[in-house]
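1. I'd like to go over a predicted model; first the sequence, then the structure.
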Amino acid sequence: MFGVINRYFKWLQGNAPQGGVENYPVVSANFHTNIEGLFIIGDLTGVPLLKLAVASGKKVLEEMPDLHNGLLDVVIIGAGPSGVACALQASRMGKKYLLLESNSVFQTIKSYPKGKPIFAEPQDMAPDIEIKIQDGTKESLLRDLESVVVRGKLSLLENNRVIAVNRNNAQKTFSIQTEKGETYQTNYVVIAIGKTGDFNKLDVKGESLSHVFYRLIDPMDAKEKHVIIVGGGDSAVEAAIATSRFAKNVTLVYRGKNLNRPKQENISRFEKLVNSGKIQLLTSSNISEITEDTVFVSDAISTKKIKSDFVLVLTGTKPPISFLQKLGIQIQNTKSIRDWVGFTSLLSFSTAAYFGKAAVYGSFWYSYVASAGAFIFILTGISWLYLFVLQSGFSIPKGWNRIRNVYLTMASIYFISVYFSATYSNFYLFGKLPSFHYTLLYSLTILVFGIRRMAARPTQYIKWQTLTLITIQMFFLFLLPEIILPLLGDLKMLGEADGFLLTEVFPNGAYWKAYGFILAWPLNMGVLYDGGITKFWFYYGMTVTFFVIPVLVWRYGKGAYCGWICSCGGLAETLGDEHRAKMPHGKWAYALEHSGQWILLLASVLTILKLVGVYGKSQFLFLSGFESSADSVKWIYDLVVDIGLAGVIGVGFYFLFSGRIWCRMFCPLASLMHIYAKFSRFRIFSDKKKCISCNICTQNCHQGIDVMGYANKGIPMDSVQCVRCSACVSLCPTNVLTFGELVNEEKMEDKFSARLM
């Protein structure tokens, strides 16, 4: 039994990569951090491209208005390509600036191996600045960069490490302190230190021996030696290629099955050397121990000894997170006290909202749970306000941040007030139940945050997708069921009482059934799970769930519904858009993805029992027991799934685990579409040659897909989790990804997607 289940899950998952993400500081598109006046540029933004680094150095100056208060306009920390580009632009604009470097200018590039190839990507980009990045080698790049520094006569202080950056909140200025005891006062700070921090270690016995290194300086150091290189990226492959000219033998040990991350040029050169016998490649292997003259390499079957007297561990570095955290800069997926208070506040509000709107139909204790959630929300709101004043000196956010915070606060207060007045004073605002006001706020939130999404990510695809989501939510899921149909009913404009509309579509004035036009079974169980189900809803529900949606998924992927129609997706793509990078990518998260399959199974069993009981009891009385059996479990399903997972968890975890936590992990309709998606023609294609392994695509996928894993391999992305949000396509800095469809195993342009992008 378990073997069958495991094979089913494996079939659903396919060979989808399950890589993780590297956390960087939280930086806006204009290089702002959470500290007003402090900016981050270059590699620390997560894009390891020299051209984009120098472009960021120029662009960041546009975000700094002149203050003319006698202080330095800007202090730039880090004299790499981005920092030097920033200094050159500051000089050109006549700003008073200072460039501080803890070592020597371009130190990271100087530490590259001799002859390291330089790829000037993107090829079609040419930043309008003195620094020109061209294809070549480490040496040619350094010559070009150093000549620019000489000509620019920069205000540069080398060997001057910054140890503290303190902000004066009252004056909105900064005080910079260095190891030499110097202090500089400035209006703005730009951090351009790159992402080279501590080296990733193997954590094995013998790693501290003198012949183990984490950086290759000169390939000649490997002359006449037995070389072991650990890693699977460009640095490891380039080191293997370079040392193979001098070493007795070279062995590359990589824990993965295939080398996917290196650039195609490096892969081609590497494979030729492997085929000629100059390099040995050991995949799916790990170093388990290092001695003076050997290493122990283990794979799934055995462990073997390999002679070695020169070991290079080239598994990457960790960003200088500790330094950034010391400055108070927010790091992706790390939480402060304010974050946890904010999470508790949202979780308690979602508890109040979902139990509150269900209290009319559910058990009496629903209102107690809702009231407790509302009370906790009020307490956490006060706590958050206290922390806000304490930490920021009541510095009110500007621009969109102010609009967002004010809107969410007012919306929360509005619903809590409506709920308390209805529950304890029997006063119903506009004569409507709390569920009406919840739907109103839900729709308004999609509208407000949808406008923000279109402004922040102005592509044609985002525009039409967002407008579609707003229209469906506002009209079909709010105005029609909550206002238009009740009004038409009161005016006797829906036909006779025994007519088709009032007997088959909205029997006995059940206008709430209009939600079923958009929200299909089993997301909306009421479409088919209904003791008084009519023929219209039976045939409509069956047609949409088992014909219309499968055709859409086959042609356009699961995202045709999840990304363009569904109200859950509408809230996730709008309110949750700013938080898409928070989706977890660890092993536990990938394992939890299958939870929705069990919910789908339960929903299917309950619905079948219900329908058999409803339609069969007139012929066989004993079948009525099927219906009562289903009903005895359905209330638990409603409580756990509809209220608990879809509501409290799905919304309460928005700012902790992204807005798609319900869609990815638990939604039974999404789980059904996962089956359909296995037969879909929709794919996201990648140009492997352009991929720079920056991980931005994976990081911004709020469905947790390892998009970079697909791009590294150059294979079409066939993950059933994809909701066609286009974030990976639109945010890719080198235009690696495109929408398309698979026909006879060949790529065919998806004209619909291409037009909208």
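-> Structure's in. What do you need? Numbering: from 1, shown residues only.
2. ok, Lys96 - contacts?
-> Neighbouring residues of Lys96 by C-beta atoms under 8 Å, 6 or more residues apart in numbering: Leu71, Leu72, Asp73, Val74. In this view, the C-beta of every residue, glycine as well, is placed from N, C-alpha and C.
3. show me the shaky parts of the protein.
-> Per-residue confidence for the chain (pLDDT under 70) gives these ranges: 1, 120, 122-128, 197-198, 387-398, 618, 621-622, 744-757.
4. re the thing from before, could you single out the nearest of the contacts of Lys96 to Gly152?
-> Checking those against Gly152 with C-beta to C-beta, the nearest one is Val74 at 15.7 Å.
5. biggest helix in this protein by residues?
-> Of all the elements of type helix in the chain, the one with the most residues (DSSP state H) is helix 365-392.
6. by contact count, what packs against that one?
-> Other helices and strands packing on helix 365-392, by 3 or more C-beta pairs under 8 Å, 6 or more residues apart in numbering; DSSP states H and E, are helix 337-358, helix 399-424.
7. now do the shortest one: distance to the chain's middle.
-> I take that to be helix 337-358. 22 Å (C-alpha atoms, centre = their mean, to the nearest Å).
8. go through it and flag the buried ones.
-> Of the residues in helix 337-358, 338, 341-358 count as buried by neighbour count, 16 or more other C-beta atoms under 10 Å.
9. for Lys326, find the nearest of the helices and strands packed on helix 365-392.
-> Comparison of these against Lys326 by C-beta to C-beta identifies helix 337-358 as nearest, at 16.7 Å.
10. can you list contacts of that closest one?
-> Under C-beta under 8 Å, 6+ apart, the answer for helix 337-358 is 335, 362, 366-367, 369-374, 376-377, 380-381, 383-384, 387-388, 391, 412, 415-416, 419, 423, 433-435, 438, 638, 643, 647-648, 650-656.
11. and these, which of them are buried?
-> Of the members of the contacts of helix 337-358, the ones counted as buried by neighbours, 16+ other C-beta under 10 Å, are 362, 366-367, 369-371, 373-374, 376-377, 380-381, 383-384, 388, 412, 415-416, 419, 423, 433-435, 438, 638, 643, 647-648, 650-656.
12. just to revisit the earlier point, how far out from the middle of the chain is the longest helix of the chain?
-> When distances are taken as C-alpha atoms, centre = their mean, helix 365-392 is centred 28 Å away from the chain's centroid.
13. repeat for stretch 670-681
-> Centroid separation for stretch 670-681 versus its chain: 22 Å, with C-alpha atoms, centre = their mean.
14. also stretch 453-465?
-> The offset between the C-alpha centroid of stretch 453-465 and the centroid of the whole chain comes to 17 Å, using C-alpha atoms, centre = their mean.
15. what's the span of that stretch from first residue to last?
-> One end of stretch 453-465 to the other measures 10 Å (C-alpha to C-alpha, to the nearest Å).
16. quick one: buried residues of it?
-> The neighbour-count criterion (16+ other C-beta under 10 Å) identifies Arg453, Met454, Arg457, Tyr461, Ile462, Gln465 as the buried residues of stretch 453-465.
17. before we move on, what about stretch 637-644?
-> Neighbour counts over stretch 637-644 (16+ other C-beta under 10 Å) mark Tyr637, Asp638, Leu639, Val641, Asp642, Ile643, Gly644 as buried.
18. for it, measure first residue to last.
-> From the first residue to the last, stretch 637-644 extends over 9 Å; the measure is C-alpha to C-alpha.
19. ditto for stretch 56-69
-> One end of stretch 56-69 to the other measures 26 Å (C-alpha to C-alpha).
20. would CSV of the buried residues of stretch 453-465 with secondary structure and distance to His674 be doable?
-> As requested, the buried residues of stretch 453-465 are exported to CSV (DSSP: H, G, I helix; E, B strand; the rest coil; distance: C-beta to C-beta, whole Å):
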residue, secondary structure, distance to His674
Arg453, helix, 26
Met454, helix, 29
Arg457, coil, 27
Tyr461, helix, 23
Ile462, helix, 25
Gln465, helix, 21
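21. how about the residues you listed in CSV, adding distance to Cys566?
-> Shown next, in CSV, are the buried residues of stretch 453-465 (distance: C-beta to C-beta, whole Å):
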residue, distance to Cys566
Arg453, 16
Met454, 19
Arg457, 20
Tyr461, 17
Ile462, 17
Gln465, 12
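22. between those, which sits nearest Glu62?
-> Comparing the buried residues of stretch 453-465 against Glu62 with C-beta to C-beta places Arg457 closest, at 19.7 Å.
23. list the contacts of the residue nearest to the closest one when sequence neighbours are not counted.
-> Here the nearest residue to Arg457 in space, its sequence neighbours aside, is Ser730; by C-beta to C-beta, 6 or more residues apart in numbering that works out to 6.2 Å. The neighbourhood of Ser730, defined by C-beta under 8 Å, 6+ apart, consists of Arg457, Thr459, Tyr461, Ile462, Met757.
24. in the buried residues of stretch 453-465, find the pair that's most separated.
-> Longest span within the buried residues of stretch 453-465, C-beta to C-beta: Arg453 and Tyr461, 11.6 Å.
25. so the longest helix of the chain versus helix 337-358, what angle?
-> Interaxial angle, helix 365-392 versus helix 337-358 (axes from the mean of the first three to the mean of the last three C-alpha atoms, to 10 degrees): 160 degrees.
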